[in-house]
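S.K.: Sequence and predicted structure, then a few things I'm wondering about:
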Amino acid sequence: MASQEAGILSPGMSTPLSTSPDNDKSPDLERLGRQRPALLPTWLTEAAFVFTIVASMMMSEYFISGFNIILPAVATALDIPDSARTWPAAVINLTTACLLLPFARLADRHGGRVVFLAGHLWLVLWSLVSGFAQNPVMLIVCRAMQGLGPSAFMPAGLALLARTYRPGPRKNIVFSLYGAFACIGFYVGILLGAVSVEFLTWRWYFWIGTIMTFVVLASGYFSIPTDLGDSDDTVTMDWLGLATIVPGLVLVVFAFADGGHAPQGWKTPYVYVTLILGVLFLAAAVYVQGWVSKNPLLPAELFRPKYMKRLSLALFCAYGVFGLFLFYASFYIETALRVGPLLAAAWFTPLAVGGVVLAITGGLIMHILPNRVLMLISMTGFLLSVLLFAVIPSRQDASGGLTFLYWAYIFPAMLCGTIGVDITFNITNVFITTAMPAKLQSTAGGMINSLLYLGMAFWLGVGELAVSSTVMTQGEANVGLEKQYRIGFYTATGVAGVALLLVATIKMGRAEAGMTADEKADMERELEAVRAREGGDNRV
């Protein structure tokens with residue numbers, strides 16, 4: 001970013017901005033917030049670039065949502081016990097969440113384009129191998145390896161978008177498309193998972209995903225400008241942070257996920273040992289990040305914007321609710337209600353269609369409505385989505401049968417689910433990336449997605465812990481599958497209530513056109529220099 005007498009030049013633009021203190025809402029900024037970035041000279045290059053980045057989010061969601069649909073068939077084919085069924089579903093979220101920040105740093109060091117493409121190549125290879133899994137251990141390892149792909153390309157992709165688009169309506173629309181493709185990927189995963197189980201084999205779910213990921217990889221190779229996200233030799237990896245944060249997160253989530261299913265529950269030695277070690281690693285990580293590392297993976301600057309700590313905690317809880325919703329809704333529909341895979345996929349349609357509509361319309365109104373209002377609506381959606389499943393009558397108790405259950409409970413729950421996840425995802429992506437300087441865009445993208453996947457993995461473990469603890473206390477004969485699912489939904493309801501209370505205390509502005517974080521910093525420095533000169537003149 002360069003400063004000249006005429007003002008500050010924005011990234012990728014040639015139009016100078018006024019240095020007036022009131023220029024945060026100037027006509028120049030309004031125009032720049034709407035026009036195409038200079039890095040993408042034609043509508044075709046912009047369309048190809050945007051498609052590549054948003055399609056990457058689609059593939060990340062594909063391998064999460066669809067697996068919940070094929071999991072009953074996979075569990076039968078590979079003889080996976082009920083006590084281990086959460087691991088193939090949760091391990092991809094765990095590895096993705098734990099490695100997002102290190103890969104964000106690698107994106108800063110080696111360039112967003114390189115890391116983005118490498119992540120997709122890795123996902124292609126391990127998705128192909130996943131289709132050949134012969135036993136539960138091989139499947140879990142493959143799913144864990146799959147998680148490394150999104151952990152690389154998601155922060156890199158968000159950074160590429162954030163560095164290309166400045167604050168304003170155009171950025172809002174592009175980030176809304178990013179959220180819309182998450183919905184599309186979510187539904188495509190469910191649909192193709194159902195088709196694979198119904199007409200082919202569950203293995204084709206992975207192989208179809210391999211082909212689609214390869215298409216995104218090829219598109220990215222040709223559409224992402226080679227000079228976008230160049231490498232920076234001055235960026236270094238925080239090895240101490242890597243050595244404390246990653247094992248700490250893995251051990252703590254493992255303990256919560258496995259504690260309820262271990263032979264002696266939480267009294268099993270390896271469970272409480274891993275939990276203690278994980279907490280010690282995380283305590284060491286706090287010390288390392290705050291007082292030891294010169295270039296920490298989680299710099300304090302990330303949490304400097306007002307309410308960022310509370311917002312991060314709210315997101316951690318909210319995304320955990322969505323993970324619980326996906327897992328238990330899939331099992332409840334297919335197992336408790338005895339609905340086939342294709343009909344189950346059709347029942348999830350409102351979640352995807354509503355998400356696309358919300359994402360697109362959200363991009364058009366985000367600069368008009370206060371973000372706090374939208375976030376409160378979103379958190380209410382999370383709460384209602386799991387509460388409706390928690391109180392849904394049994395199939396034998398419903399006088400209207402499946403039709404009544406769907407329209408009275410499942411359909412509105414799906415709509416509330418998409419209100420929750422899509423509004424939250426879009427607003428926080430725009431809010432956090434806009435608040436961060438260019439040097440922290442990859443790190444901010446890593447943190448955002450880390451909260452998403454870590455929340456899903458952690459709270460799924462907590463949900464399974466609540467279920468298994470109840471079963472151990474009351475006896476398996478007294479706690480059937482349907483009651484187990486309700487426990488999971490009530491756990492999610494409590495977590496959603498916490499997220500709603502946290503958001504209620506946060507004040508967020510509108511996502512309107514304005515200066516970037518770097519431009520504001522440059523403006524402050526120029527004003528300080530002017531004040532210093534004026535003060536010196538007065539003293540003379």
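M.R.: Noted; the coordinates are in hand. Fair warning: this is a prediction, and the values are worked out from it, not measured in the lab.
S.K.: that's a strand at Pro296, yeah?
M.R.: No: checked against DSSP: H, G, I helix; E, B strand; the rest coil, Pro296 lies outside a strand; its state is coil.
S.K.: who's in contact with it?
M.R.: Asp238, Gly241, Val288, Gln289, Gly290 (Cβ atoms under 8 Å, 6 or more residues apart in numbering). From N, CA and C alone the C-beta is placed, and that goes for glycine too.
S.K.: Just give the nearest non-adjacent residue to Gly340, would you?
M.R.: Glu198 (7.2 Å; Cβ to Cβ, 6 or more residues apart in numbering).
S.K.: quick one: that neighbour and Ala344 touch, right?
M.R.: No: Glu198 lies out of contact with Ala344 (Cβ atoms under 8 Å); the separation is 10.3 Å.
S.K.: So between these two, which is more surrounded?
M.R.: A direct count of neighbours by other Cβ atoms under 10 Å for Glu198 and Ala344 places Ala344 higher, at 22 against 13.
S.K.: so the more buried one, which of the three states?
M.R.: Per three-state DSSP, Ala344 ends up helix.
S.K.: which residues touch the closest residue to it other than its chain neighbours?
M.R.: Once flanking residues are discounted, Ala344 sits nearest to Ile333: 4.8 Å by Cβ to Cβ, 6+ apart. Applying Cβ under 8 Å, 6+ apart, we find Ile333 in contact with Val339, Ala344, Trp347, Ile410.
S.K.: Switch those over to TSV, and while doing so, append secondary structure to every line.
M.R.: TSV is the format used below for the contacts of Ile333 (three-state DSSP):
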residue	secondary structure
Val339	coil
Ala344	helix
Trp347	helix
Ile410	helix
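S.K.: got the domain boundaries for the protein?
M.R.: Using automatic domain parsing, the domain parsing of the chain gives 33-226+297-534, 239-296.
S.K.: and those domains, which is most packed in?
M.R.: Neighbour counts (mean count of other Cβ atoms under 10 Å) averaged over each of the domains of the chain peak at domain 33-226+297-534, with a mean of 21.
S.K.: what is the mean pLDDT for that one?
M.R.: Regarding domain 33-226+297-534, the rounded mean pLDDT is 81.
S.K.: Ser450 versus Gly248, what's the distance?
M.R.: Separation of Gly248 from Ser450 (Cβ to Cβ, to the nearest Å): 13 Å.
S.K.: cool, and Val357?
M.R.: 28 Å.
S.K.: same deal with Ile487?
M.R.: 27 Å.
S.K.: Met447 reaches Leu302, doesn't it?
M.R.: Yes: when contacts are counted by Cβ under 8 Å, Met447 is listed as touching Leu302 (6.1 Å).
S.K.: Can you tell me the closest non-neighbouring residue to Phe153?
M.R.: Counting by Cβ to Cβ, 6+ apart, the residue nearest Phe153 is Gly119, at 3.3 Å.
S.K.: Contact partners for the one you found?
M.R.: Phe103, Leu148, Gly149, Pro150, Ser151, Ala152, Phe153, Met154, Ala156.
S.K.: now for the residues you listed, which pair is the farthest apart?
M.R.: Pairwise distances among these were taken by Cβ to Cβ; the largest, 12.9 Å, belongs to Leu148 and Ala156.
S.K.: could you pull out the helices for the stretch 401-540 of the chain?
M.R.: For the stretch 401-540 of the chain, the helices defined by DSSP state H, counting those that start in this stretch cover 401-405, 411-435, 441-474, 481-504, 517-539.
S.K.: which one of those lies closest to Phe181?
M.R.: helix 411-435 (10.9 Å).
S.K.: Determine how far the closest one lies from the middle of the whole chain.
M.R.: 10 Å (Cα atoms, centre = their mean, to the nearest Å).
S.K.: and that helix, what does it pack onto?
M.R.: If contacts are counted by 3 or more Cβ pairs under 8 Å, 6 or more residues apart in numbering; DSSP states H and E, helix 411-435 sits against helix 148-164, helix 169-199, helix 308-331, helix 349-365, helix 371-390, helix 441-474.
S.K.: Would you convert those helices into JSON lines that also reports distance to Tyr406?
M.R.: As requested, the helices and strands packed on helix 411-435 are exported to JSON lines (distance: least, Cβ to Cβ, whole Å):
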{"stretch": "helix 148-164", "distance to Tyr406": "32"}
{"stretch": "helix 169-199", "distance to Tyr406": "16"}
{"stretch": "helix 308-331", "distance to Tyr406": "12"}
{"stretch": "helix 349-365", "distance to Tyr406": "10"}
{"stretch": "helix 371-390", "distance to Tyr406": "11"}
{"stretch": "helix 441-474", "distance to Tyr406": "24"}
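S.K.: closest to Ala218 out of these?
M.R.: helix 148-164 (13.9 Å).
S.K.: Tell me what angle that closest one forms with helix 169-199.
M.R.: Helix 148-164 and helix 169-199 are oriented at 160 degrees to each other (axes from the mean of the first three to the mean of the last three Cα atoms, to 10 degrees).
S.K.: angle of helix 148-164 against helix 411-435?
M.R.: 60 degrees.
S.K.: gap between helix 148-164 and the chain center?
M.R.: The answer for helix 148-164 is 11 Å, by Cα atoms, centre = their mean.
S.K.: Please apply the same query to stretch 114-132.
M.R.: The answer for stretch 114-132 is 19 Å, by Cα atoms, centre = their mean.
S.K.: Could I get the CA-only coordinates of that stretch as CSV?
M.R.: Extracted in CSV, the C-alpha atoms of stretch 114-132 (Å, rounded to 0.1, in the frame of the first residue of the first chain):
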residue,chain,number,x,y,z
VAL,A,114,0.6,-22.2,-4.1
VAL,A,115,-1.0,-23.4,-0.8
PHE,A,116,-4.5,-23.2,-2.3
LEU,A,117,-3.6,-25.5,-5.2
ALA,A,118,-1.5,-27.9,-3.1
GLY,A,119,-4.4,-28.3,-0.7
HIS,A,120,-6.7,-29.4,-3.5
LEU,A,121,-4.1,-31.8,-4.9
TRP,A,122,-3.8,-33.4,-1.5
LEU,A,123,-7.6,-33.7,-1.1
VAL,A,124,-7.8,-35.4,-4.6
LEU,A,125,-5.3,-38.0,-3.6
TRP,A,126,-6.7,-39.0,-0.3
SER,A,127,-10.3,-38.9,-1.5
LEU,A,128,-9.4,-41.4,-4.1
VAL,A,129,-7.7,-43.6,-1.5
SER,A,130,-10.7,-43.3,0.9
GLY,A,131,-12.9,-45.1,-1.7
PHE,A,132,-10.7,-48.2,-1.3
